[in-house]
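Trainee: Just the structure for this:
(2 chains)
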There are 2 protein chains.
Amino acid sequence: MNGRCVITVGDLGEFGVVARIAGRLPQGGTVLLGPGDDAALVSAPDGRVVVTTDLLIEGRHFRRDWSSGYDIGRKAAAQNLSDVVAMGADPTGIVVGLGLPADATTDWLDDLTDGFRDECDLVGASVVGGDITRCDLVVIGVTALGDLGGRAPVTRSGACPGDVVAVAGRLGYAAAGLALLAAGRTEPAELVDAHRRPQPPYACGPEAAALGATSMLDVSDGLFQDLGHVAKAGKTGIVLDPEAFTVPASMEEAARLLGADPLEWILSGGDDHALAATFPDGVRLSPAWTVVGRVVDGKGVQVKGRSLEHGGWDHFRA
Amino acid sequence: MNGRCVITVGDLGEFGVVARIAGRLPQGGTVLLGPGDDAALVSAPDGRVVVTTDLLIEGRHFRRDWSSGYDIGRKAAAQNLSDVVAMGADPTGIVVGLGLPADATTDWLDDLTDGFRDECDLVGASVVGGDITRCDLVVIGVTALGDLGGRAPVTRSGACPGDVVAVAGRLGYAAAGLALLAAGRTEPAELVDAHRRPQPPYACGPEAAALGATSMLDVSDGLFQDLGHVAKAGKTGIVLDPEAFTVPASMEEAARLLGADPLEWILSGGDDHALAATFPDGVRLSPAWTVVGRVVDGKGVQVKGRSLEHGGWDHFRA
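Mentor: Below you'll find the model as predicted:
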């Protein structure tokens, strides 16, 4: 007993928890009806709605001893918002299904809620609704919606031989951070923080769509593996130039500390939610994009001069 | 070893599981882009989209020894589609986040998938996307979308003194079924099946909106408790007439077997996903609706001549 009163979600009960969460969630201009009814109502001016969902399980996608509630909320929202922008759309809202142990504290829940709120705020979206239930471990299901604003969706197919392959956002940071945490380290902080809270390049998704990207995806399972989907869907090959990737100083340091190859993190690491896209040759890209390869006749993804140890992440086999 | 080859999701791997599921899911007319990309694209002709989500946890919302995979899929879809129609909207699509133990069999997964598909098919919706991950217990997050077709959403607020209170669909069946299963019984089958697979009165939601319902909700936590939300939101009272509820013969039998009060199931049982709505007095309702009470000046929900033992379901306290 330390004199501080700790309130748990079990103390509040379901309706108390829902009221507490809803009270922390401002509703933006896209929301016509927010939390509190059977369903929410979100504007879809395009007449079509982009929808994507992800399920995050404690111990598999995050650990409460490695990440704060706030970080987990930011990350869970980010990975779904990133899928929306990867179609070329602007996110409008998310709904969250939450499984919580009865002993989760209201402080932790507030942090989690604020994380969802702040990540959505980066893109002008709102948390418009959700569901909460008891579960022995923390389970978070996020579904994000988006609006294309009249643009065509940018799918995984459509890459053509001759296109350039470009990436926006970070690659390998989160994978390096996870390797550091697993080795009991918390430095370099830039990498560990990148695992806890990705920084997807949100604006680059709609930008790429407007620039005529022929294909695009969110890099969630590793660039090498994810570009494999682009190659397969486009019935083309892709050749990556390993010289095109910049290894930041923090990653060089982490690689030295752990005896690892930084290019392996960059090419195989997920969780940074970079965007990878193909563009017709000659398109003038903003500085947010780095050209890292080319679409070619052929099959699969090659990295000039390298053979990768493993390609990426499989949730049932890894 | 019985000579039959059992394939698990662990054998298939994540991408094999996704391909297997997607292959069983036809895409209807509302779907502009189905599973297989970062996100799906669904038509939203109204320019607004209804969205709702629910999280179902094994052992809490279903048991694999009490319900088949098919039943669980039907139920998980039903409870979300029901929330959509409770706003007066027509469901268009669902996305499903699935946590599965590695030893779940592909047969079970096929059944689950078919359950989602068949329930969606009842309302012209499709399973448009999802996410799959490993989890020690089965976790199902469903998000459903819907289109209002130009109608105003029917919320929980709006009930006025003088309105009639009407219900469509079953009440108490699933609660009686659950009580039977918990007592080790599997008969009467009508009630046990009702727990396994609800039969929401889907068509009644948009119908009620078109008839000018002043408020509506999906009965998921028990009629008494859920009408409490309507009374609170409308700043009114509600009086229910216990004589208005028909107790089916199977429920009389179950009540006799278990020494229970059938009206308690009817008024406090969730999971049938009936619709409860208020209508201006004099509205001509279809036979799917039964008038069971009236909106009055005052506060809270009263049942003429009764005091209820408990009001409904709280996911953290029950």
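Trainee: Tell me the secondary structure of the closest residue to chain B within the stretch 101-250 of chain A, please.
Mentor: Residue of the stretch 101-250 of chain A nearest chain B, by Cβ to the nearest Cβ: A:Gly141 (3.0 Å). C-beta: built from backbone N, CA, C; applies to glycine. At A:Gly141 the chain is in strand, as set by DSSP: H, G, I helix; E, B strand; the rest coil.
Trainee: Who is the closest residue to it other than its chain neighbours paired with across the strands?
Mentor: Once flanking residues are discounted, A:Gly141 sits nearest to B:Gly141: 3.0 Å by Cβ to Cβ, 6 or more residues apart in numbering or on different chains. When bridges are called by DSSP bridges, B:Gly141 pairs up with B:Leu55, B:Gly97.
Trainee: Show me where the stretch 151-300 of chain A has its strands.
Mentor: A:164-168, A:215-219, A:237-240, A:274-279, A:289-296, A:300-303 (DSSP state E, counting those that start in this stretch).
Trainee: Can you add distance to chain B and give those strands back as a markdown table?
Mentor: Output for the strands of the stretch 151-300 of chain A, formatted as a markdown table (distance: least, Cβ to the nearest Cβ, whole Å):
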| stretch | distance to chain B |
| --- | --- |
| strand A:164-168 | 14 |
| strand A:215-219 | 5 |
| strand A:237-240 | 17 |
| strand A:274-279 | 10 |
| strand A:289-296 | 18 |
| strand A:300-303 | 15 |
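Trainee: Which one, of these, ends up nearest to A:Ala19?
Mentor: With Cβ to Cβ, the closest approach to A:Ala19 among the strands of the stretch 151-300 of chain A belongs to strand A:215-219: 33.7 Å.
Trainee: got the contact list for that closest one?
Mentor: Outside strand A:215-219, the residues within contact range by Cβ atoms under 8 Å, 6 or more residues apart in numbering or on different chains are A:79, A:82-83, A:85-88, A:154-159, A:167, A:169, A:171, A:200, A:205, A:208-209, A:226, A:229-230, A:233-234, A:270, A:272-278, B:37-38.
Trainee: A:Glu119 contacts A:Leu81, correct?
Mentor: Yes. Here A:Glu119 lies in contact with A:Leu81, judged by Cβ atoms under 8 Å, at a distance of 6.7 Å.
Trainee: So which of the contacts of strand A:215-219 are in helices?
Mentor: Under the assignment DSSP state H, the contacts of strand A:215-219 contribute A:Gln79, A:Ser82, A:Asp83, A:Val85, A:Gly205, A:Ala208, A:Ala209, A:Asp226, A:His229, A:Val230, A:Ala233, A:Gly234 to helices.
Trainee: quick one: terminal-to-terminal distance for stretch A:206-217?
Mentor: Its first and final residues considered, stretch A:206-217 spans 12 Å by Cα to Cα, to the nearest Å.
Trainee: do stretch A:24-43 as well
Mentor: End to end - Cα to Cα - stretch A:24-43 spans 21 Å.
Trainee: buried ones in it?
Mentor: A:25, A:27-28, A:30-35, A:37-43 (16 or more other Cβ atoms under 10 Å in any protein chain shown).
Trainee: which of those sit farthest apart?
Mentor: A:Gly28 and A:Asp38 (21.0 Å).
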